[in-house]
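Any chance you could fold what I've pasted below:
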Amino acid sequence: MGFFDFFQKEKKETLDKGLAKTKEGMFTKITRAVAGKSTVDDAVLDDLEEILITSDVGVETTLRIIERIERRVARDKYLSTGELKNILREEIVALLAENHTGDETDFVVPQNVTTPYVIMVVGVNGVGKTTTIGKLAYQYKKNGLKVYLGAADTFRAAAVEQIVIWGERVGVPVVKQKMGADPASVAFDTLSAAKAAGADVAIIDTAGRLHNKIGLMNELTKIKKVMDKVVPGAPQEVLLVLDGSTGQNAFEQARQFTAATEVNALAITKLDGTAKGGVVIGISDQFKTPVKYIGLGEGMEDLQPFRRREFVESLFSEN
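So this is what the prediction gives:
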């Protein structure tokens, strides 16, 4: 086995392990629903609908998946329960493809963009935002890219301290100011320093507050305007971090943040500790925003680019 094959095998094992709880719940329930039945009838579809909803796929997305399967049943006339898992797998992959979820490349700067490539990270406190930033920095640096971090969540001393710790751990510079400083000023300093140093990537943390949506919107808009003055077009990526283990609460956070700013990428964390992994499918479908990364554990390597086919194959594999 070559190094690349070994690396891919290791990533697959991490994915399988990270989705084990979701897979166990969903796969076991589907197996039970079709036991003793030869064809996919209304009763089977009703059971499947309940399974998907209780796996936090979401009502709207579940109904969309069921409609797709009903069309297949109507078209093929006779559909055995043995084919159901394959068809479910195909339809979920197709749904994710429509939302451009899971076609990302590994931790590289997109071609034809002004550098530094600026990622503004948003999300409520406690979802794993700072940890995701640290892991992103690690992965980009591992790929030979020069990375700067900006501690623009100046409302929590712990947030700045965490970013500094991650910067030291990964070996990348962190730009910070005093507690309570203007976040836009921190973003300005970060991008200025990154640009002067010829950095490839700049990742900016932001405050995770949702109690005042108008205040949040104004703050994020101000940060973006300041960034654009230093690096035209920045931020090229507004990454919303969501905690997958919160299930339907993650949907509400996605709803509020997409209303507050132009989110164009999602990272869904803590999937290894939950049976609610179906939330990845539902959030991607409902908000039409690509899931770019998934968090599958505490290790540096446990933040993976989301690949729809690998994700769904892992979810429905027999072993």
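
hey, C-alpha coordinates of stretch 307-319 in PDB?
In PDB, the C-alpha atoms belonging to stretch 307-319 read as follows (Å, rounded to 0.1, in the frame of the first residue of the first chain):
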ATOM      1  CA  ARG A 307     -17.100  15.000   0.400                       C
ATOM      2  CA  ARG A 308     -20.700  14.100  -0.200                       C
ATOM      3  CA  ARG A 309     -20.200  10.700  -1.700                       C
ATOM      4  CA  GLU A 310     -17.800   9.500   1.000                       C
ATOM      5  CA  PHE A 311     -20.100  10.900   3.700                       C
ATOM      6  CA  VAL A 312     -23.200   9.100   2.400                       C
ATOM      7  CA  GLU A 313     -21.300   5.900   1.600                       C
ATOM      8  CA  SER A 314     -20.000   5.900   5.200                       C
ATOM      9  CA  LEU A 315     -23.500   6.500   6.500                       C
ATOM     10  CA  PHE A 316     -25.000   3.600   4.700                       C
ATOM     11  CA  SER A 317     -22.200   1.100   4.400                       C
ATOM     12  CA  GLU A 318     -22.800  -2.400   5.800                       C
ATOM     13  CA  ASN A 319     -19.500  -2.600   7.700                       C
END
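
Report the buried residues of that stretch.
Across stretch 307-319, burial judged by 16 or more other CB atoms under 10 Å covers 307, 308, 310, 311, 312, 314, 315, 316. (C-beta placed from N, C-alpha, C; glycine too.)

got the residue ranges for the strands in the stretch 151-300 of the chain?
174-175, 201-205, 237-243, 265-269, 291-295 (DSSP state E, counting those that start in this stretch).

roughly how far is the longest one from the heart of the chain?
The one in question is strand 237-243. Centroid separation between strand 237-243 and its chain, computed with CA atoms, centre = their mean, to the nearest Å, is 7 Å.

In terms of secondary structure, what does that strand contact?
Judged by 3 or more CB pairs under 8 Å, 6 or more residues apart in numbering; DSSP states H and E, the packing partners of strand 237-243 are strand 117-122, helix 129-142, helix 248-260, strand 265-269.

mind redoing it with 7 Å?
Helices and strands touching strand 237-243, by 3 or more CB pairs under 7 Å, 6 or more residues apart in numbering; DSSP states H and E, are strand 117-122, helix 248-260, strand 265-269.
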